[in-house]
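Q: here is my input; please provide its structure:
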Amino acid sequence: MYPQVFSAAKGVDQAFLIIFGFSVFIMLAITFVALFFMWRYNYKRNPVATEIKGSILLEIIWTALPTIIVMGLFWTGWTSFKAMRTIPDDAMVVQVEGRMWSWLFTYDNGKTSKELVVPINTPVKVALTAKDVIHSFYIPAMRVKWDMVPGMDTAAWFESDTTGEFDIFCAEYCGLKHADMMAVLRVVEQAEYDAWLADSGQADVDQGFALLEEFGCFDCHSMDVSEDAAPTLLNLAGQERTVVLPDGSEKVVTADAAYVKRSVLEPGAELVKDWDDEMPSYADEISAEQLDIMAKYLLLRGKSHPGEGMADEQGCFGCHTTNGDEDVGPTFLGLYGSERKGTGPDGKPVTISADEAYLKTAIVDPAAFIPEGYEDEMPIYDDIDQETLDGLVDYIKSLGGEAGQ
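A: Predicted coordinates for the structure are as follows:
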């Protein structure tokens, strides 16, 4: 059980403990009475049954007493429920969308996030919507659990007097990857929250991209699946790469900030296997600050390509991968330009080419073509704006078509 971090949750815990404690008491009382009657009125002690005539007093007692008990338990539950449903007028509002199989949190300034960040000691109203199927927004630490039904707007609220991180789950089975539908509630101090809310991260993205262009990185490296004179920088963060050391031995390294910086300052020290040692050192040209920004840009998943951030925000990666692995939906890698077999709206087999028109239709009207081997499970995204739609298509195109399926 989590410690108290929410005033109204205290009423929920109190109601739970009262009902649970009373249930245990009733169970013990009934057990004791049953055992007593078994001993007191067994056949050896009472070989002849005794006829007991009605008792008005007893009938009044066993009618009135349970009624009082039930009404008392109802009142205990009702007062805690009412406290949880009475949302303060000054509560901060965060839009929460549940979709297969991720959460999206949207703030008043338009900022979106995959984690719920709120300030301490501030009532927070979560406006709940479901995009596709029934979900249930559940924060055990806050005693908040509320169902989300497509087409129905609901809300809940909480307030934390403790900083920390708390789990968010979907408490309603919503499909194959229901267990993956988790997020984090992060409660921070007001100053930290203000800074987080104001930081869109776009400045770092723009600056990092500009530095890569300034130093000519894109002359050899691509940001898509194509490879030119050097390895692609696509999805670099966390990649495991086999590198060749100066003595000819090999080892596997993980692409983190330290690796990126070593690759820029000493490119020949850890040469990616099967690539030539042609990259010059930038040790005398790039400052430590510039190198930090470039590394951060390259490792910032969801930002290296504008469309990748859009795909992440729309929850595309809940079903689609970018590394060729199959998931609930087809992988984005190699999708563009590939030949697709499937069924049309009439259920008849169809073969089409995954061009721009197909990709857009697959997003806004996925049931128009069901790829072979997949189910008609993708929700309709006909509410996204044209910029986002174009960004998603551009991102999928950047993942190439040569690895087609």
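Q: how about the helices in the stretch 251-400 of the chain?
A: For the stretch 251-400 of the chain, applying DSSP state H, counting those that start in this stretch gives helices covering 257-265, 288-299, 306-313, 356-364, 386-398.
Q: got the angle for the third one vs helix 386-398?
A: To tie it back to what came earlier, the one meant is helix 306-313. 110 degrees (axes from the mean of the first three to the mean of the last three Cα atoms, to 10 degrees).
Q: list the helices and strands helix 306-313 packs on?
A: Here helix 306-313 touches helix 386-398, going by 3 or more Cβ pairs under 8 Å, 6 or more residues apart in numbering; DSSP states H and E. Quick note: C-beta positions are derived from backbone N, CA and C, even for glycine.
Q: now what about the helix it packs on, what contacts it?
A: 223-225, 234, 305-308, 310-311, 314, 316, 332, 335-336, 356, 359-360, 363-364, 384 (Cβ atoms under 8 Å, 6 or more residues apart in numbering).
Q: ok so C174 is a helix residue?
A: No. With DSSP: H, G, I helix; E, B strand; the rest coil as the criterion, C174 is coil rather than part of a helix.
Q: switch to numbering from 65
A: Okay, using 65 as the starting number, the last item reads as C238.
Q: ramachandran angles for it?
A: Dihedral pair for C238: phi -130, psi 20, per degrees, to the nearest 10.
Q: ditto for the one 5 residues further on
A: The phi and psi values for A243, taken as degrees, to the nearest 10, are phi -70, psi -20.
Q: ditto for the one 4 residues further on
A: Its backbone dihedrals place A247 at phi -150, psi -180, with angles given as degrees, to the nearest 10.
Q: show me where pLDDT drops low in the protein?
A: 65-71, 264-270, 288-292, 365-370, 464-469 (pLDDT under 70).
Q: circling back to that earlier point, of the helices of the stretch 315-464 of the chain, which approaches S166 most closely?
A: helix 370-377 (8.9 Å; Cβ to Cβ).
Q: give the residue farthest from the middle of this protein.
A: No residue in the chain has its C-alpha farther from the mean C-alpha position than V112, which lies at 69.7 Å (Cα atoms, centre = their mean).
Q: how far away is that residue from F101?
A: 17 Å (Cβ to Cβ, to the nearest Å).
Q: now swap in G382 and tell me
A: With distances taken as Cβ to Cβ, G382 is found 59 Å from F101.
Q: more neighbours: the two, which one.
A: G382 (18 against 10; other Cβ atoms under 10 Å).
Q: can you classify T95 as helix, strand or coil?
A: Relying on three-state DSSP, one would call T95 helix.
Q: ok, it to L129 distance?
A: According to Cβ to Cβ, T95 and L129 sit 18 Å apart.
Q: what's in contact with stretch 430-440?
A: Stretch 430-440 is contacted by residues 392-394, 404-409, 414, 416, 422, 425-426, 442-445 when judged by Cβ under 8 Å, 6+ apart.
Q: please identify the most buried of the helices of the stretch 315-464 of the chain.
A: Highest mean neighbour count of the helices of the stretch 315-464 of the chain: helix 370-377, a mean of 21 (counted as mean count of other Cβ atoms under 10 Å).
Q: hang on, the earlier thing: any idea which of the helices of the stretch 315-464 of the chain gets closest to E256?
A: For E256, the closest of the helices of the stretch 315-464 of the chain is helix 352-363, at 19.3 Å, according to Cβ to Cβ.
Q: between the closest one and helix 321-329, how many degrees?
A: Put simply, helix 352-363 runs at 120 degrees to helix 321-329, going by the same axes, to 10 degrees.
Q: pull the residues that contact helix 352-363.
A: Contacts of helix 352-363 (Cβ under 8 Å, 6+ apart): 268-269, 271-273, 275-276, 279, 281, 297, 300-301, 319-321, 324-325, 328-329, 350, 367-368.
Q: how does it look with 7 Å?
A: 268-269, 271-273, 275-276, 297, 300-301, 321, 324-325, 328, 368 (Cβ atoms under 7 Å, 6 or more residues apart in numbering).
Q: likewise for stretch 310-328?
A: Contacts with stretch 310-328, where a contact means Cβ under 7 Å, 6+ apart, come from 300-309, 332-334, 337, 346, 350, 355, 359, 362-363.
Q: what about that stretch, start to end distance?
A: Across stretch 310-328, the terminal residues are separated by 16 Å (Cα to Cα, to the nearest Å).
Q: bridge partners for I434, pull those for me.
A: T407 (DSSP bridges).
Q: tell me, how many residues neighbour it?
A: I434 is flanked by 19 other residues according to other Cβ under 10 Å.
Q: now the helices for the stretch 115-264 of the chain?
A: Applying DSSP H, counting those that start in this stretch to the stretch 115-264 of the chain gives helices spanning 120-149, 254-262.
Q: and the last one, what does it pack onto?
A: Read that as helix 254-262. With contacts taken as 3 or more Cβ pairs under 7 Å, 6 or more residues apart in numbering; DSSP states H and E, helix 254-262 sits against strand 180-183.
Q: what lies in contact with stretch 169-187?
A: Defining contact as Cβ under 7 Å, 6+ apart, one finds that stretch 169-187 is touched by 152, 154-160, 166-168, 188, 221, 223-225, 227, 232, 247-254, 257, 260-261, 264, 377.
Q: so who does the residue most central in space within the chain touch?
A: Centroid-nearest residue in the chain: S166, 3.6 Å away (criterion: Cα atoms, centre = their mean). Residues in contact with S166 (Cβ under 7 Å, 6+ apart) are 178, 245, 379, 382.
Q: hmm, the third one is touching R163, no?
A: Yes. In this structure, G379 is within contact of R163 by Cβ atoms under 7 Å, at 5.0 Å.
Q: I'd like the helices of the stretch 115-264 of the chain as a markdown table, with mean neighbour count and distance to V88 appended.
A: Formatted as a markdown table, those follow (neighbours: other Cβ atoms under 10 Å; distance: least, Cβ to Cβ, whole Å):
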| stretch | mean neighbour count | distance to V88 |
| --- | --- | --- |
| helix 120-149 | 12 | 13 |
| helix 254-262 | 13 | 42 |
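Q: in JSON lines: the ones you listed, plus distance to I83.
A: Listed next are those as JSON lines, based on distance: least, Cβ to Cβ, whole Å:
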{"stretch": "helix 120-149", "distance to I83": "6"}
{"stretch": "helix 254-262", "distance to I83": "36"}
